[in-house]
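> Any chance you can model this:
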Amino acid sequence: NRPRRPSSTHHIANDDAGANQVCNPPMVHSLSWSPSGRLLAGALGDGSCCILRVDGRRLVEVDRLRDGHDAAVASILFPGFGGSPSSCLASSNHVAARDRLLASAGNDGAIFLWDIGADSAGDGALDPSDIFVDSIVTPVQQNSLEDDMEGLALTGGSKLLFGIPHQHKPNFLVSSGMDHALPNTLFVADTTNDITAYTLPLR
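Sure, this is the predicted structure:
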């Protein structure tokens, strides 16, 4: 039979820490399941991202990623980068290892890559700092950017890794994952008539 009522509903609580709050509670603009199916991420209208864990038939919020975007988050994605394609297909543990990396695209024209941390993703998840080449992760720690990035290290082990200045307002993010002709690539649809690809250099 076709469903006639929701099987469950999770209420996104108002977050007074959100500097870009435009409604109460913030609207959810986009959702993405982690590769393991254990986590659900939401892109919120106050510029933050929520991380939810499956607990039985309920969703429980385990973290809120704040202080990244200056406007509403339009799209969110667990891109599934990291590890070898063959091992990731062979083992559920390797799939769960890709739960820690999250991408968000905001109406401010920025795309951010986040490490949601072991507290949310689990101790077996790969540290995204070990996936990317040093040259794209370490610049956020340089003195010239310290003031701009101050406060972006988050509670619960989550942190902002780096940003991509896309400029245009995004509508949707999708990833090639690791098993296609264009591996480790984010594709962005925005308010132009272009589809933009960003290939991220991995170790």
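
> where does the protein dip in pLDDT?
15-25, 83-95, 137-156, 178-180 (pLDDT under 70).

> Show me where it has its helices.
Secondary structure of the chain, counting by DSSP state H: helices at 85-90, 92-96, 118-121, 134-137, 146-149.

> what comes into contact with the third one?
By CB atoms under 8 Å, 6 or more residues apart in numbering, the residues outside helix 118-121 that reach it are 34, 39, 51, 53, 62-63, 96, 99-100, 125, 127, 156-158. Glycine gets a C-beta too; all of them are placed from N, C-alpha and C.

> The same query, at a cut-off of 7 Å, please.
For helix 118-121, the external contacting residues (CB atoms under 7 Å, 6 or more residues apart in numbering) are 39, 51, 62, 63, 99, 100, 125, 156, 157, 158.

> ok, now which ones touch the second one?
With contact taken as CB under 7 Å, 6+ apart, residue 51 is in contact with 39, 41, 62, 63, 116, 120.

> Pick out the most distant pair among those.
Greatest spacing in the contacts of residue 51, by CB to CB: 41 and 62 (10.6 Å).

> Which one of these two is surrounded by more residues?
A count of neighbours by other CB atoms under 10 Å puts residue 41 above the other of residue 41 and residue 62, at 26 against 18.

> shouldn't the more buried one be in contact with residue 76?
Yes. Counting by CB atoms under 7 Å, residue 41 does reach residue 76; the two are 5.0 Å apart.

> what touches both of the two?
With CB under 7 Å, 6+ apart as the test, residue 41 and residue 76 both reach 32, 49, 102.

> And the first one, how far from residue 60?
Read that as residue 32. 17 Å (CB to CB, to the nearest Å).

> In terms of neighbours, single out the busier of these two.
Taking other CB under 10 Å, residue 32 and residue 60 do not tie; residue 32 has more neighbours (21 against 11).

> Who does that one form a beta bridge with?
Under DSSP bridges, the beta-bridge partners of residue 32 are residue 41.

> and the residue nearest the centre of the chain, bridged to which residues?
Closest residue to the average C-alpha location of the chain: residue 102 at 2.6 Å, with CA atoms, centre = their mean. Taking DSSP bridges as the rule, residue 102 bridges to residue 114.

> what's the spacing between it and residue 78?
From residue 102 to residue 78 the distance is 6 Å (CB to CB).

> Now for these two: what residues contact both?
The contact lists of residue 102 and residue 78 share residue 41, where a contact means CB under 7 Å, 6+ apart.

> Measure how buried the closest residue to residue 96 other than its chain neighbours is and give me the count.
Residue nearest to residue 96 in three dimensions, not counting chain neighbours: residue 36, with 3.9 Å by CB to CB, 6 or more residues apart in numbering. Number of residues near residue 36 (other CB under 10 Å) recorded here: 20.

> what does residue 173 give?
When counting by other CB under 10 Å, one arrives at 22 neighbours for residue 173.

> if we can go back for a sec, kindly present the contacts of residue 51 as CSV, with separate columns for distance to residue 28.
Shown next, in CSV, are the contacts of residue 51 (distance: CB to CB, whole Å):
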residue, distance to residue 28
39, 15
41, 10
62, 16
63, 16
116, 17
120, 18
